[in-house]
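Chemist: no FASTA, just this:
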């Protein structure tokens, strides 16, 4: 973990410790403060939504599934609260344990990777560790359908619930940093038919995220705050981008990419940790020429706008489980794009652990006025012991820019 | 194999089953049997799900590496199949096509080598389709006859799936823009060694040819008999492959090379000049109309035996407009019928005016320009066997493409004008009559191909203009051949 992340994590931990200490002194004020911090409205009893399960990950997933909301506050589960209001008129007194010494040593944030996989919408730390804990048993018993429908008494009870009194944190889905556990996806279009995608999944720090879009599919990883920022090369004018977390939660967003008919785009994507490079040799470029675009000379959409030529976008994280990588070459078509050929090559190097391995790849080609081409690609990495990388000249067709 | 009525039994080894036909190797040689007429028994018999068509394709490198993949992927898209390309090495790869539910449909193995190798593989029954950048030679046709795969010179054995051309290329900064055939020949035989002799700077000419590029020499010699050709010698540089050749020429301002149109890469193509001042540049419109003299047809040769149903469907697809629309992106020239803007014909119209003499009247010229000026020329043109009104094989493709478009109603409400032209050999009256006959022959062939369409949907005219508008110099055979043509013009109905 980087020092700055660690510092922030510790600071946040201390903040929690302070806030929680306040619970015993001035519970209402502290919780209201926390609720504001967590960007949540005061609880308003929802009598219309027939949500009857106790708050759970599945419930969150179900609500997020349509993925439309950008920053919808995590509305507490009304039925659960209602039941709670009936069975425990004073939810503030739910058991709240605190171990300051553990927090101050920062032990809880030493293993973010563990967190990634078992972070629960309810702020919880391992009971064995004796650390900060808002126990799961705070979770109120699920209201059953008969309860919900039993008519007037329950409804009246619900109405009697004091809407000015905030619920406890325990009912709220919060990340270790106090952010609500919703996941959201935002997108904006950038020059070069790129889509800037920002994923916010506070309860999924350091998580594998599958980003998929019109045939393109890569696996990235969120940072320690559950955030992820990627520039996704658009593969369609109406670009629908989907982010999927290991929990099965997905978020999607659709954006319109007007530049799509002014670019040529070639994507190579593959599964596994193999080291593949897509090379574009623009208009006769060779060797270390600036027109030789590859991961070592990727250039950018900005370069393309100012100078011309194409650029390469590298997507995916080779260190996640089941890596899904992609390299995408884009050639914006302008009035000064020369006629000629951009030769495309795929270079594959084999390490000791993947020599002679069969590669499962795919090429996706988008060009104005042409039909999309999505074709699977299989080949074997160089044999073990070989030092020469494999250069495939016929895996991806050259781009031929017609003379006018 | 046993006939369903038990009347005949035929033992043999199963070679292929495509769900429709068995192909078995019997002691009488390979035979094809309709599956619904026979019963297969024995360990080699296919199960119900084994109807995977296997097609082997072999031949010209660039056709195998670029053109066929585009066709196969296009076919897969059109039929909702998924395609997976497996690369074995530089020249061998294959496609596995599957239906949406994952059922394998076809395995297509491609070997990209040379036209010679492709035809050899076809003769040796190692390929089902041969990719060729040239027509078969008499020797190859003879071997094919002996091997029992039929008469390859029969037009039905060769599908024309696109067009290519032999092009002289130089570096983009080279000031020379056109060369005559004689000059080209002199360069490659080592007679011209300095660009100064060609209107360029005082610098040595470095002719580059492809190692083993025998087909190019043959094409040059066939189109320009007596022009010489490539003479081996120390003046020549060799490039290992066509892409390497164009890359080499593109970066060397003194180099000149001969490559296929699809392999121009980043070099600059030269126009072919005639002695009388005509220039014909190798652009898609000129190649499509075969106005460029070194145009070559891309052929797929098929053996005279029943191919798997999948292979027949793929072959039928290759000639469709959808498939031909994929050809330009591969660097070759497609046969799709497209309009040629009037501006592109400026040179030929200017020539028609300047070539005017007393014998051909101003009135005819005015009539031609009036007609042409209101119409678009279509890229599909027709050429004829020498001195006749008989269409040549490539014209047959255009007949079919135009006929399909008429049948599809693409020209409803328009007027199609078939405009015949002749060379200037012979008398003007004879030429005028010959050009009219040719226009009428092309019109009749196209209308026959269009079938029983409602004739009133479009108007059709056939006109002849004789030697009025040459597009090449009449001082050579190839120039005269180019001038004997029928153009198709499309005008709005009045």
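Modeler: Arrived safely. This is a predicted model, so every value here is computed, not measured.
Chemist: Over in chain A, which residue gets nearest chain B? Let me know.
Modeler: When scored by C-beta to the nearest C-beta, chain A has residue A:376 as its residue closest to chain B, at 3.3 Å. For the C-beta atoms, the positions are set from N, CA and C on the backbone; glycine is no exception.
Chemist: thinking that residue is in contact with residue A:361, fair?
Modeler: Yes. Counting by C-beta atoms under 8 Å, residue A:376 does reach residue A:361; the two are 7.4 Å apart.
Chemist: So between these two, which is more surrounded?
Modeler: For residue A:376 versus residue A:361, the count of surrounding residues by other C-beta atoms under 10 Å in any protein chain shown is larger for residue A:361: 26 against 16.
Chemist: Specify the local secondary structure of that one.
Modeler: strand (DSSP: H, G, I helix; E, B strand; the rest coil).
Chemist: pretty sure it contacts residue A:272?
Modeler: No. The pair residue A:361 / residue A:272 is not scored as a contact, 9.1 Å apart, by C-beta under 8 Å.
Chemist: Please name the residues that touch residue 340.
Modeler: You didn't say which chain, so I picked chain A. Residues near residue A:340 by C-beta atoms under 8 Å, 6 or more residues apart in numbering or on different chains: A:283-284, A:401, B:265-266.
Chemist: wrong chain, I was asking about chain B
Modeler: Contacts of residue B:340 by C-beta under 8 Å, 6+ apart are B:285, B:289, B:376-379.
Chemist: For chain A, see how far away it is.
Modeler: From residue B:340 across to chain A, the span is 14 Å (C-beta to the nearest C-beta, to the nearest Å).
Chemist: Return the residues in contact with the closest residue to residue A:372 other than its chain neighbours.
Modeler: Distances taken as C-beta to C-beta, 6 or more residues apart in numbering or on different chains put residue A:366 closest to residue A:372, at 5.9 Å, once the chain neighbours are dropped. For residue A:366, the residues meeting the contact criterion (C-beta under 8 Å, 6+ apart) are A:235-236, A:260, A:263-265, A:372.
Chemist: how about 10 Å then?
Modeler: Contacts were defined as C-beta atoms under 10 Å, 6 or more residues apart in numbering or on different chains; by that measure residue A:366 touches A:193, A:214-216, A:233-237, A:260-261, A:263-267, A:328, A:330, A:372-374.
Chemist: So which of those belong to strands?
Modeler: Using DSSP state E, A:216, A:233, A:263-267, A:328, A:330, A:373-374 are the members of the contacts of residue A:366 that sit in strands.
Chemist: and chain B, which of those reach it?
Modeler: A:264, A:373-374 (C-beta under 10 Å from any C-beta of the partner chain).
Chemist: Out of the residues you listed, which comes closest to residue B:406?
Modeler: Closest to residue B:406 out of these is residue A:373 (31.0 Å), distances taken as C-beta to C-beta.
Chemist: What is the three-state secondary structure of the residue nearest to that closest one when sequence neighbours are not counted?
Modeler: Excluding its sequence neighbours, the residue lying closest to residue A:373 (C-beta to C-beta, 6+ apart) is residue A:365, at 4.2 Å. Under three-state DSSP, residue A:365 falls in the strand class.
Chemist: separation between residue B:147 and chain A?
Modeler: From residue B:147 to chain A the distance is 30 Å (C-beta to the nearest C-beta).
Chemist: so how many other residues sit close to that residue?
Modeler: For residue B:147, the tally of surrounding residues (other C-beta under 10 Å) stands at 13.
Chemist: what residues are up against it?
Modeler: Neighbouring residues of residue B:147 by C-beta under 10 Å, 6+ apart: B:122-125, B:303.
Chemist: Which positions in the strand or helix carrying residue A:255 come out as buried?
Modeler: For residue A:255, the host element (DSSP states H and E) is strand A:250-256. Across strand A:250-256, burial judged by 16 or more other C-beta atoms under 10 Å in any protein chain shown covers A:250-253, A:255.
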